[in-house]
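Q: got a sequence here, can you build the structure:
(one chain, ligands or ions: 1)
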Amino acid sequence: MKELISCWGKKAIGLIICARERLDYNTQNESSRLRLEHENKMRTKKYQEMLKNRAALPIASLRGDMLRLLKENNVLVVCGDTGSGKTTQVPQFILDEMIESGCGGLCNIVCTQPRRIAAISVAERVSDERCEPAPGSNGSLVGYHVRLDNARNENTKLLFCTTGILLRKIVGDETLTGITHIIVDEVHERSLLGDFLLVVLKNLIEKRSVESSSPLKVVLMSATVDSNLFSGYFGNCPVITAEGRMHPVTTYFLEDIYESTGYHLASDSPAAVRYEVSSGKKVLETCFLLY
Ligand SMILES: Nc1ncnc2c1ncn2[C@@H]1O[C@H](COP(=O)(O)OP(=O)(O)OP(=O)(O)O)[C@@H](O)[C@H]1O
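A: Model (predicted):
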């Protein structure tokens, strides 16, 4: 009986090793396929045009430093004004770097957004920028998951979801097995769920770095100067800041705008008031109702 058990034990171990080798083999195959597809896509005109626009965003100049700091640290704070490109670019920097270095098969990035609508629209924008079909469809590496709506498949490598959805995932799998990166966007908004997620992530980072062969990498993205507060909470992790993009601003009175656009109120508009004058003629006076 002892021999039988030991024989089954050996078989089971053999099966586990086989399954792991198969997994490695599949991951390697997937990584090679993703790299090839990425290289082909980079040659297309549409992708190059998109890349040109993306390269003009302030965050683009930080790509190299950001990826290096993320390699050296488990947590990184990325700070930048609205429109600097944090939300759309940072997840793609990580995804592209993993694909280009032949690790695309392992890549599993989750980017949280405080609102459902933002999660969906950013996923759509990122798919567009990558010249991929709609999130969650065949051939797209991007997906989203919000309450009551879900667009992702087994090939999704970059998932945009709400904070609540990620917390739910953690309830089902405390170590978030297989997830390589978590990007928490708009951390400065400070909500109950958002702050709770940071507490959970802090513990999870420690747990993963001790128990697992693959540490969890976390990027916190903030639009304000609060970044040092978050860095302090995560053991003074590095902070990287993107310059804002300043546009010239000129102040006009509303009347000047109407004049410069050549806009005239229709005579039957409720904003047009008619006066009877002594001559009996009707004169139209236009009132711009400013609220
Ligand atoms: N849906 C879209 N359609 C067209 N252009 C877009 C769209 N979403 C983003 N962009 C472009 O990408 C740029 C960067 O947007 P992104 O959301 O990444 O910036 P951000 O720094 O994260 O700003 P915020 O803090 O407001 O989210 C925008 O300035 C805009 O030019």
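Q: what about the residue of the stretch 151-291 of the chain found nearest the ligand, distance to Ser267?
A: Taking CB to the nearest ligand atom, the ligand has its nearest neighbour within the stretch 151-291 of the chain at Ala223, 4.6 Å off. For glycine as for every other residue, the C-beta is placed from the backbone atoms N, C-alpha and C. With distances taken as CB to CB, to the nearest Å, Ala223 is found 47 Å from Ser267.
Q: one more: Glu129?
A: 47 Å.
Q: check Tyr258 too.
A: Counting by CB to CB - Tyr258 and Ser267 are separated by 16 Å.
Q: looking at these two, which one has more neighbours?
A: Tyr258 (15 against 10; other CB atoms under 10 Å).
Q: now the host helix or strand of the more buried one: average pLDDT?
A: Here Tyr258, judged by DSSP states H and E, is contained in helix 254-261. Averaging pLDDT along helix 254-261 gives 82.
Q: over to stretch 72-92?
A: 94.
Q: next, the buried residues of it.
A: Residues 74-81, 84-87, 89-92 are the ones in stretch 72-92 that count as buried (16 or more other CB atoms under 10 Å).
Q: cool, and stretch 168-176?
A: Quick answer for stretch 168-176 (16+ other CB under 10 Å): Lys169, Ile170, Leu176.
Q: show the contacting residues for the second one.
A: Just to be clear, that refers to Ile170. Leu176, Val200, Leu204 (CB atoms under 8 Å, 6 or more residues apart in numbering).
Q: ok, 7 Å please
A: Counting by CB atoms under 7 Å, 6 or more residues apart in numbering, Ile170 touches Leu176, Val200.
Q: work out for me the element it sits within.
A: Going by DSSP H and E, Ile170 is in helix 163-172.
Q: any idea how far that helix is from the chain center?
A: Helix 163-172 has its C-alpha centroid displaced from the chain centroid by 17 Å (CA atoms, centre = their mean, to the nearest Å).
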